[in-house]
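Participant: how would this look folded up:
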Amino acid sequence: MIEQVYKISTGNEKAVEKVIYDENLHYLHMVFNKDEGLPEHFSNSNVYMTVVRGTLSIGLNDQEIHKYSNGTLLKIPVNTKMNVKNLNDETLELIVVKAPAPTK
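Facilitator: Reported below is the predicted structural model:
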């Protein structure tokens, strides 16, 4: 078998899954229910964030919180302060790709 196969969760339970975490890229799958999210942090690589379902509420650097619906792809530069939350009733599901893979 040439290909490698990975699985991601398919439910509504909170999840932060490191699906692929190698020297090339980091591929993460995240699921957040209302009022859940990530601790505020700075991006350690270029971040490509796809909203698979729900609505993402995100504050970047000193901007006000912006909302993005499913089907939206955000490109966030390295060293950007990020505040990622689900402030809505519907479950939020994200695919996050960090490329190049962070070295720290």
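Participant: Can you tell me the SS state at Pro100?
Facilitator: Classification of Pro100 using DSSP: H, G, I helix; E, B strand; the rest coil returns coil.
Participant: Compute the number of surrounding residues for Asn86.
Facilitator: Neighbour count for Asn86, taken as other Cβ atoms under 10 Å: 23. All C-beta atoms are positioned from the backbone trio N, CA, C, and that covers glycine.
Participant: Quick check: mean pLDDT of stretch 65-79?
Facilitator: Averaging pLDDT along stretch 65-79 yields 98.
Participant: again, but for stretch 90-104
Facilitator: Mean pLDDT, stretch 90-104: 93.
Participant: Pull out the buried positions in that stretch.
Facilitator: Residues Thr91, Leu92, Glu93, Leu94, Ile95, Val96, Val97, Lys98, Ala101 are the ones in stretch 90-104 that count as buried (16 or more other Cβ atoms under 10 Å).
Participant: Make CSV from these and add distance to Tyr21 and secondary structure to it.
Facilitator: Rendered in CSV, the data for these read as follows (distance: Cβ to Cβ, whole Å; DSSP: H, G, I helix; E, B strand; the rest coil):
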residue, distance to Tyr21, secondary structure
Thr91, 24, coil
Leu92, 22, strand
Glu93, 19, strand
Leu94, 16, strand
Ile95, 14, strand
Val96, 12, strand
Val97, 11, strand
Lys98, 9, strand
Ala101, 8, coil
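Participant: ok, the residues you listed vs Thr55, which is closest?
Facilitator: Nearest to Thr55 among the buried residues of stretch 90-104, counting by Cβ to Cβ, is Leu92 at 6.7 Å.
Participant: Just confirm the closest one contacts Val51, I think it does.
Facilitator: Yes - between Leu92 and Val51 there is a contact under Cβ atoms under 8 Å: 7.4 Å.
Participant: ok, the buried residues of stretch 90-104 vs Met30, which is closest?
Facilitator: Closest approach to Met30 among those (Cβ to Cβ): Leu94, at 4.4 Å.
Participant: mind listing the strands for this protein?
Facilitator: For the chain, the strands defined by DSSP state E cover 15-21, 26-32, 41-42, 47-53, 55-60, 66-69, 73-76, 81-85, 92-98.
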